[in-house]
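Colleague: just a sequence and a predicted model for now, questions to come.
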Amino acid sequence: MGYEDDLRLLREYEPVSRFTEGEYFFPVPVERYVSRAGLWRAEPGERPVQVAAPGELTLDALAAAGGAELGLGYSMSGIDADEKPLAAHIPLRDRPPHLARSSRLASVGLTARLVDTLNRFSLLFRGSVPGGSAARSFLLQRDHLEPGRPTYYGRVVRDEPWIVCQYWFFYSFNNWRSAFGGVNEHEADWEQVTVYLDAASGAAAWVVFSAHEETGDDLRRRWDDPDLTLVDGRHPVVFVGAGSHSGAYLPGDYLITVRPPRLRGLVNALRWSARLLAPWSAEDQRSVGIPYVDYARGDGRAVGPGQPEAWNPVVIDDETAWVRDFRGLWGRDTRDRLGGERGPAGPRYRRDGTVRQAWADPVGWAGLAKVVPDAATERQLVEIRTQRDRDRIEELDREISALRHELTVAAAGLPAADPEVRALLGQEQQLLGLRMERTRLADELHRTTTAGPVSQHPHAHLMHRRVPMEASTGFLGRARSWWAVISTPLILWALGAVLSPLPIAGQETAGILLLVLLSVEGLVRGKFLAVLLRLLLACAALLVLAVLWYDGRYVVTFTFFAAALLVLLVNVREATRR
């Protein structure tokens, strides 16, 4: 298969990208970006040194410029570091329409809001893109990068029984945080859409969009998935997140929580504590992290088949020199220890120079190594497994019969309490394991020989189905948004006042205020009784400690009183659920 065959396949299934109104950056040709970028080398503990000035780089020269390290430790930047980024601004006539944002903090619980506060505070101490970087990148895109020629870089991989069509999109900037209240931002951004075809029939079977925090089976959607929109039955529609450029299957606003790799221990500990301390939302335990709203509304620019603008396709593969031979970063290297503010590596590599799984093994990356693409092949494999099960069942029958005979011979004529009989427990457990395996295989054999083809729902493989969040509207929605803004600092202040070792006045008042704030938080989340129950338990624990400190004789009486109150609250809570 050659270039023309690959281009034909890519064209046949190329996606439609629908952007959100208010988006600043769009897929552009990489050669234009490289021609305007400088190349920088970072030495540990030192400031980056420029090794190539803007205008000196080309795609063909990029790998050579990276030297023997193939670009490891290098980064490109289209923003001139010698200029003052703060001086940059986007003229009013060029600014996209304003996007009406949702309240991300109102959609998560107290613990997640605290994590978000810590993340934003950490930007003062870790590497982040300088202010004004997004504006400079926007002007660079407008003047030099040909945003009116939207481009994708397509790759075709033939991995029987699949044909994989990958579509890579390059954006000169990700202004997630500054423009849309997201979790981070960085210069340059690589995103992708991948379509999986049945190699035997050539029909499309699955599709994957770039997504946050999704892995394996959760990445992909079946071609007949009701969440998937198709143009002419062949072109999947991806709803592109504003600023983040992630892909969504359904248009809308998505609440996403990010757990940076270096903070996952802390976040997991907070998730565990949320089970006890944040009862107002079961989802809050999973959403503890850095919360943000991804706006993938699809109400803006549309590019692709049947749309006002068409794609400019460029075919790449493992032999494309700039893809294969440059392992450095596309975009400024801020040295952010959490990674969210650093530029990405190219489509083939991760930031550490290793090959991306999505590139090296796109089938396994999407969890498709275990999936059969067509019914005929599946029937053949079922026959193979059926015969294997029959053979194993016959083997198990022989092993079970032999082991039973051995057990009866060993125990014959001996008292049940005899040590020799007691010692047979291990063999009895072995016999039980063989019988359990035989039962499982017999059930499996029954299903495969008596049932017809298994018809599964398109979502059967998903552990987590990513859907837009429900919008909070009206007075309640506005009140919840403002409560999310003011409650976290108030709760922190009240808690600090209560725990302060200083002899300050008003600690009792602060304690009462803390109880009121936590109760309101529970009321806002619709879990007032659960919060009240936990507050009473906390008060009870403090009272027990106080009683033990002064006089232990009242502990038993107090325990019965507390138990009576606890049972009453549990019963009331249960009664209100009916």
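Modeller: Done, it's in. Residues are numbered from 1 along each chain as shown.

Colleague: got the CA positions of stretch 31-44 in CSV?
Modeller: Written as CSV, here are the backbone C-alpha positions of stretch 31-44 (Å, rounded to 0.1, in the frame of the first residue of the first chain):
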residue,chain,number,x,y,z
GLU,A,31,5.8,23.9,8.7
ARG,A,32,4.4,27.4,9.2
TYR,A,33,4.9,27.1,13.0
VAL,A,34,8.4,25.7,12.7
SER,A,35,9.5,28.4,10.3
ARG,A,36,8.5,31.0,12.9
ALA,A,37,9.8,29.2,16.0
GLY,A,38,13.1,29.4,17.8
LEU,A,39,14.8,26.3,19.1
TRP,A,40,16.0,26.2,22.8
ARG,A,41,18.2,23.8,24.7
ALA,A,42,17.6,23.4,28.4
GLU,A,43,20.5,22.6,30.7
PRO,A,44,19.6,21.3,34.2
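
Colleague: please begin residue numbering at 359 from this point
Modeller: With 359 as the first residue, the last one maps to stretch 389-402.

Colleague: pLDDT at the residue lying closest to residue 731 once chain neighbours are set aside, what is it?
Modeller: Distances taken as Cβ to Cβ, 6 or more residues apart in numbering place residue 556 nearest to residue 731, at 4.0 Å, with adjacent residues excluded. Just so you know, the C-beta spots here come from the backbone N, C-alpha and C atoms, and that holds for glycine as well. We note a pLDDT of 94 for residue 556 in this prediction.

Colleague: wait, residue 456 touches residue 379, no?
Modeller: No. Contact criterion Cβ atoms under 8 Å: residue 456 and residue 379 do not qualify, at 9.1 Å.

Colleague: number of residues surrounding the nearest residue to residue 663 once chain neighbours are set aside?
Modeller: Among residues not flanking residue 663 along the chain, residue 593 sits closest, at 4.7 Å (Cβ to Cβ, 6+ apart). Residue 593 has 21 neighbours, counted by other Cβ atoms under 10 Å.

Colleague: what of residue 513?
Modeller: Neighbours around residue 513, by other Cβ under 10 Å: 24.

Colleague: distance of it relative to residue 672?
Modeller: To residue 672, residue 513 is 10 Å away according to Cβ to Cβ, to the nearest Å.

Colleague: kindly report the same for residue 766.
Modeller: In terms of Cβ to Cβ, residue 766 sits 75 Å off from residue 672.

Colleague: so for these two, which sits in the more crowded spot?
Modeller: More crowded of residue 766 and residue 672, by other Cβ under 10 Å: residue 672, with 17 against 9.

Colleague: check which helix or strand the more buried one maps to.
Modeller: strand 670-673 (DSSP states H and E).

Colleague: what about residue 806, which SS state?
Modeller: Look at residue 806: counting by DSSP: H, G, I helix; E, B strand; the rest coil, its state is helix.

Colleague: same question for residue 920.
Modeller: Three-state call for residue 920 (three-state DSSP): helix.

Colleague: count of residues packed around the residue nearest to it when sequence neighbours are not counted?
Modeller: Excluding the flanking residues, the one nearest residue 920 by Cβ to Cβ, 6+ apart is residue 898, at 4.8 Å. Residue 898 sits with 17 neighbouring residues when counted by other Cβ under 10 Å.

Colleague: for residue 765, helix, strand, or coil?
Modeller: Going by three-state DSSP: residue 765 is helix.

Colleague: buried ones in the one helix or strand residue 370 maps to?
Modeller: Using DSSP H and E, residue 370 sits within helix 361-371. Buried residues in helix 361-371, defined by neighbour count with 16 or more other Cβ atoms under 10 Å: 364, 367-368, 371.

Colleague: then stretch 736-752?
Modeller: Buried residues in stretch 736-752, counting neighbours by 16+ other Cβ under 10 Å, are found at 740, 747.

Colleague: what's the average pLDDT for it?
Modeller: For stretch 736-752, the per-residue pLDDT averages 91.

Colleague: just the helices in the stretch 459-608 of the chain please.
Modeller: Along the stretch 459-608 of the chain, the segments classed as helices by DSSP state H, counting those that start in this stretch run 468-480, 491-502, 534-538.

Colleague: what's the least confident stretch among those helices?
Modeller: Ranked by mean pLDDT, those bottom out at helix 468-480, which scores a mean of 66.

Colleague: returning to what we had before: show me what the next helix or strand after the helix holding residue 370 is packed against.
Modeller: As assigned by DSSP H and E, the chain's next helix or strand after helix 361-371 is strand 374-376. Judged by 3 or more Cβ pairs under 8 Å, 6 or more residues apart in numbering; DSSP states H and E, the packing partners of strand 374-376 are strand 593-598, strand 660-661.

Colleague: what's around residue 802, how many residues?
Modeller: 14.

Colleague: wait, a strand at it?
Modeller: No. Secondary structure assignment places residue 802 outside any strand; it is helix (three-state DSSP).

Colleague: phi and psi next, for the nearest residue to it once chain neighbours are set aside.
Modeller: Leaving aside its sequence neighbours, residue 802 sits nearest to residue 747 (Cβ to Cβ, 6+ apart; 6.0 Å). As for residue 747, its main-chain torsions (degrees, to the nearest 10) stand at phi -70, psi -40.

Colleague: spit out the contact partners of residue 747.
Modeller: 799, 802-803, 806 (Cβ atoms under 8 Å, 6 or more residues apart in numbering).

Colleague: just the buried subset of the residues you listed, please.
Modeller: Of the contacts of residue 747, these count as buried by 16+ other Cβ under 10 Å: 799, 803.

Colleague: just put the contacts of residue 747 in JSON lines and tack on pLDDT and distance to residue 599.
Modeller: Converted to JSON lines, the contacts of residue 747 look like this (pLDDT from 0 to 100; distance: Cβ to Cβ, whole Å):
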{"residue": "799", "pLDDT": "94", "distance to residue 599": "47"}
{"residue": "802", "pLDDT": "90", "distance to residue 599": "42"}
{"residue": "803", "pLDDT": "90", "distance to residue 599": "47"}
{"residue": "806", "pLDDT": "83", "distance to residue 599": "43"}
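
Colleague: pick the one among the contacts of residue 747 closest to residue 389.
Modeller: The closest of the contacts of residue 747 to residue 389 turns out to be residue 806 (Cβ to Cβ; 54.1 Å).

Colleague: how is this protein carved up into domains?
Modeller: Domains of the chain are assigned by automatic domain parsing as 361-460+489-610+656-723, 733-808, 832-934.

Colleague: one step back: kindly state the beta-bridge partners for the residue nearest to residue 663.
Modeller: Residues in a beta bridge with residue 593, per DSSP bridges, are residue 589.

Colleague: cool, residue 527 as well?
Modeller: Listed beta-bridge partners, residue 527: residue 549 (assigned using DSSP bridges).

Colleague: what's the next secondary structure element after the worst-scoring helix or strand of the chain on mean pLDDT?
Modeller: When the helices and strands of the chain are scored by mean pLDDT, DSSP states H and E, helix 640-645 comes last with a mean of 46. Counting by DSSP H and E, the next helix or strand C-terminal to helix 640-645 is strand 648-654.

Colleague: what sits closest to residue 871 if chain neighbours are left out?
Modeller: residue 852 (4.8 Å).

Colleague: which residues does the one you found contact?
Modeller: By Cβ under 8 Å, 6+ apart, the contact set of residue 852 is 868-869, 871-872, 875.

Colleague: which one of those residues is nearest to residue 531?
Modeller: Nearest member of the contacts of residue 852 to residue 531, counting by Cβ to Cβ, is residue 875, at 39.4 Å.

Colleague: measure residue 789 to residue 674 for me?
Modeller: In terms of Cβ to Cβ, residue 789 sits 59 Å off from residue 674.

Colleague: equivalent analysis for residue 599, please.
Modeller: 24 Å.

Colleague: these two: which has the busier surroundings?
Modeller: Per other Cβ under 10 Å, whichever of residue 599 and residue 674 has more neighbours is residue 599, with 31 against 22.

Colleague: got the contact list for that one?
Modeller: Each residue near residue 599 by Cβ under 8 Å, 6+ apart is listed here: 378, 605-606, 612, 652-654.

Colleague: distance of the closest residue to residue 518 other than its chain neighbours relative to residue 400?
Modeller: Of all residues not flanking residue 518 in the chain, residue 557 sits nearest, at 5.7 Å (Cβ to Cβ, 6+ apart). Distance, residue 557 to residue 400, using Cβ to Cβ: 43 Å.
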